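In: give me a model of this one.
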Amino acid sequence: MQQRRLAAIMFTEIVDYVSLLKADEKKAIDTRKKNQRIHRRLIKKFNGRWLKEMESSTLASFNSNIDAVMCAVSIQKATEELEIPIRIGLHQGDVVFEKNDVLGDGVNIASRILGFAKTNGIVISETVHNNIKNKEGLEIDPLGTQQLKGVENPLRIFYVSCHDINILDIKIDTGELIRPLGFGRSTVVAGILLIALLAYASYYFLPEIINPKLKLGNSIVVLPFDNYTGSDTLEYFVAGMHSSLIGDIGKISSLQVKSKTTSNAYKDVEKSISEIASELGVNVIIEGSVMCLGDSVCLQVKLVSTYPEEQTLWVQDYKEEKSEILSLYNKVTKEISEEINVILTPQEESMLAEYRTVNNEAYDAYLKGLLYWDRLGREDLEKAIEYFNTAVGKDPSWAPPYAGLASSWGGLMQMGFVQPTVAISKIYDNLNKALELDPKSANSHYVKATMAVWLEWNWEKGEEEFLKTIELNPNDALSHAYYAHLLSILRRPEESLNQAQLALELDPLRPLVMALYATVMINTGNYQDAVDQTKKALSIDPNHFFANVMLEFASYYIGDYKRSIQALKHIYQLDNDNAFEIDNAMDEQGYIPALKILIHVLEERGKAGFYLPFDLATYNLRINEYEKALDWIEKGYEVHDPNMPYITTKIAFYDQLKGNPRFIELLKRMNLPVD
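Out: Numbering: from 1, shown residues only. Okay, the predicted model is just below:
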């Protein structure tokens, strides 16, 4: 939302920063960080608003001219002490605030008059001068009337400096600004007591201050990146960078990071930072802007704290060769962690120190593959496989595309689009290659976990791999969600519910996570919650396949048979004749006759190709055909239907068949809980 108002604008820049960067990169970066610290503290002290940092320049706004000037002369003294060469321009004018940015002539004029300042000098416009000219301790010298580029009328400008440091009431100490202290006896005694108190507080409370509890300050959302490359065709790449950074930050165990799907729900949404933070329950928001994208990638990252009030903590610009983009994510993650005082584990330090280049075309194809994989439709998964194969061809030593191939073939099999005999070899060939190339890949261990459960029916291995995945990436919502499903299969409902709730907390606006959560709700008897979540998921994506499946189950369990039938028609994409016949039966005879027609349709389809016995067993149980349902269950075991693990859950058969000898024997063969 835009806000127009009168404001004092302060523009500062480090003089000749580019030359410094070329001559001594380490010194240049260190200088810039010191300059950032000085600006943050002083802008806040003088009631200003940090807006953004651009390379070596900083933009801030103030409600009053005197605050802006006092901040400027304080920055001037602090940077002189630390030998940081800067210059400052100040102007008051009508500006437009939009999010954490500011636009208008006021900004343009402040940046233009900056050019008239000498090193460590401050130049102000006449509007600022008229408000502060009588302030004691300031020295003002006229620079005459100047014609500024891009400004229609000439402006009078002035030099300003502070010849009386006492009016600042500060002492400079490596960028910190503290009030001066006298050193009489009482002060020394007070100082000793203060040191003792600080030592006590440090011993008992410092660990919690340095590494605060998750709920207090380490809950983060990375908002969708702005695409300032000038090309809409690169949107997929910008989205891929956004997703990759979320994945990298998510590996830090002491941070809770909202998933990319939830973040993407706020793309192009007219909501303030505070509103987004409140809706998601986060304390820190990260904004990113991709400024250039070619052989090099230019990324600006802004860190905004939302507690106790909105405040920009840090802004940084990055420019890396595109082939080094993986290392760029590590660098950004490490610097963000430092800015919010997160203590990294040795393993996390090691992970973020890793360096790897990637073939540009391989990375490009991989991002396109991810874009299609996330949609989970048959054509989308096949397109994802095509792009992942391209990535493998371009960079055979890079693990992620192999994991993508394994996931895509697993998705085709799980959804019944291809038979297991076709998919299994594809899955394991690619999964084993991914793990060989990168044994610490969270995504590869996640695929290994899902295959262990839904393909191998190896529950112990599946749990071990899920726990490994969560250790490597504690913020992966899908790992928590599918682990919740395994815990349901093993009849551990409380643990299952905890994992499902954590998944939803991490990714509250992702239809797949909502549907997976709804499955757990059904298994724990919370049918209405399941209905609510699936309806919410479908309001986001009306054609989401799995959300429609779970809506059908939940509707059946609350007795809403009409909605159950409508969902079944959508899931199985019935032709007009079959749909009409089922609707007619539902209207005239009721649910069971309508369901019998659907069963017949599915059985006929099965004669022509692959079908899922689990589905037919479920529907036969609903019409009380127990023996026929058991036949289909045993058929499911025979053909290794990937949905068979759910036979221990409420969503399928357990409550109706738990005492049946044939069913008990099958549970034993699958090494599933019998009671």
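In: now do the buried residues in stretch 242-259.
Out: By 16 or more other CB atoms under 10 Å, the buried positions in stretch 242-259 come out as 242-259. C-beta here means a position set from N, CA and C on the backbone, and glycine is covered the same way.
In: tell me which helix or strand the residue lying closest to residue 373 once chain neighbours are set aside sits in.
Out: Closest residue to residue 373 apart from its sequence neighbours, by CB to CB, 6 or more residues apart in numbering: residue 384 at 4.0 Å. Residue 384 is part of helix 378-394, with elements assigned from DSSP states H and E.
In: next structured bit after that helix?
Out: Heading C-terminal from helix 378-394, the first helix or strand you meet, by DSSP H and E, is helix 400-414.
In: picking up where we left off before, for residue 566, see how far away the residue nearest to residue 373 is.
Out: Distance, residue 384 to residue 566, using CB to CB, to the nearest Å: 30 Å.
In: between these two, which one's more packed in?
Out: Taking neighbours as other CB atoms under 10 Å, residue 384 and residue 566 compare with residue 384 leading, 27 against 19.
In: in this structure the more buried one contacts residue 365, no?
Out: No. Contact criterion CB atoms under 8 Å: residue 384 and residue 365 do not qualify, at 10.4 Å.
In: domain-wise, how is this structure divided?
Out: Per automatic domain parsing, the structural domains of the chain span 2-178, 214-357, 375-474, 496-547, 612-675.
In: any chance of a markdown table for those domains, columns distance to residue 486 and mean pLDDT?
Out: Output for these, formatted as a markdown table (distance: least, CB to CB, whole Å; pLDDT from 0 to 100):
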| stretch | distance to residue 486 | mean pLDDT |
| --- | --- | --- |
| domain 2-178 | 42 | 81 |
| domain 214-357 | 20 | 84 |
| domain 375-474 | 5 | 90 |
| domain 496-547 | 8 | 92 |
| domain 612-675 | 8 | 89 |
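In: so can I have TSV of the ones you listed showing distance to residue 487?
Out: Formatted as TSV, the domains of the chain follow (distance: least, CB to CB, whole Å):
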stretch	distance to residue 487
domain 2-178	41
domain 214-357	20
domain 375-474	8
domain 496-547	4
domain 612-675	10
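In: tell me which of those sits nearest to residue 593.
Out: For residue 593, the closest of those is domain 612-675, at 9.0 Å, according to CB to CB.
In: now do that closest one: distance to the chain's middle.
Out: 39 Å (CA atoms, centre = their mean, to the nearest Å).
In: and the end-to-end length of it?
Out: By CA to CA, to the nearest Å, the extent of domain 612-675 from end to end equals 26 Å.
In: and residue 148, how close does it get to residue 637?
Out: According to CB to CB, residue 148 and residue 637 sit 80 Å apart.
In: of the two, who's got more company?
Out: More neighbours surround residue 148 than the other of residue 148 and residue 637, with 19 against 16 (other CB under 10 Å).
In: how far away is the more buried one from residue 640?
Out: Distance, residue 148 to residue 640, by CB to CB: 75 Å.
In: going along the chain, name the helices of the stretch 251-400 of the chain.
Out: With helices called from DSSP state H, counting those that start in this stretch, the stretch 251-400 of the chain shows them at 260-264, 273-280, 325-339, 346-352, 360-373, 378-394, 400-414.
In: who does the last one touch, helix- and strand-wise?
Out: Helices and strands touching helix 400-414, as assessed by 3 or more CB pairs under 8 Å, 6 or more residues apart in numbering; DSSP states H and E, comprise helix 360-373, helix 378-394, helix 420-437, helix 442-454.
In: ranges for the helices of the stretch 1-150 of the chain?
Out: According to DSSP H, counting those that start in this stretch, the helices that the stretch 1-150 of the chain contains are 17-23, 25-45, 65-81, 105-114, 126-132.
In: so who does the nearest residue to residue 672 once chain neighbours are set aside touch?
Out: Once flanking residues are discounted, residue 672 sits nearest to residue 648: 5.0 Å by CB to CB, 6+ apart. Contacts of residue 648 were listed using CB atoms under 8 Å, 6 or more residues apart in numbering, and they are 488, 489, 490, 491, 654, 667, 672, 673.
In: repeat the analysis, applying 7 Å as the threshold.
Out: By CB atoms under 7 Å, 6 or more residues apart in numbering, residue 648 lies in contact with 489, 491, 654, 667, 672, 673.
In: secondary structure element holding the closest residue to residue 613 other than its chain neighbours?
Out: Excluding the flanking residues, the one nearest residue 613 by CB to CB, 6+ apart is residue 636, at 3.7 Å. Assigned by DSSP H and E, residue 636 falls within helix 626-639.
In: can you list the buried residues in that helix?
Out: Buried residues in helix 626-639, defined by neighbour count with 16+ other CB under 10 Å: 626, 628, 629, 630, 631, 632, 633, 634, 635, 636, 637.
In: as a markdown table, those residues with distance to residue 11 would be great.
Out: As requested, these are arranged in a markdown table below (distance: CB to CB, whole Å):
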| residue | distance to residue 11 |
| --- | --- |
| 626 | 78 |
| 628 | 78 |
| 629 | 74 |
| 630 | 77 |
| 631 | 78 |
| 632 | 73 |
| 633 | 72 |
| 634 | 76 |
| 635 | 73 |
| 636 | 69 |
| 637 | 72 |
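In: residue 544: which of the residues you listed is nearest?
Out: Closest approach to residue 544 among the buried residues of helix 626-639 (CB to CB): residue 636, at 24.6 Å.
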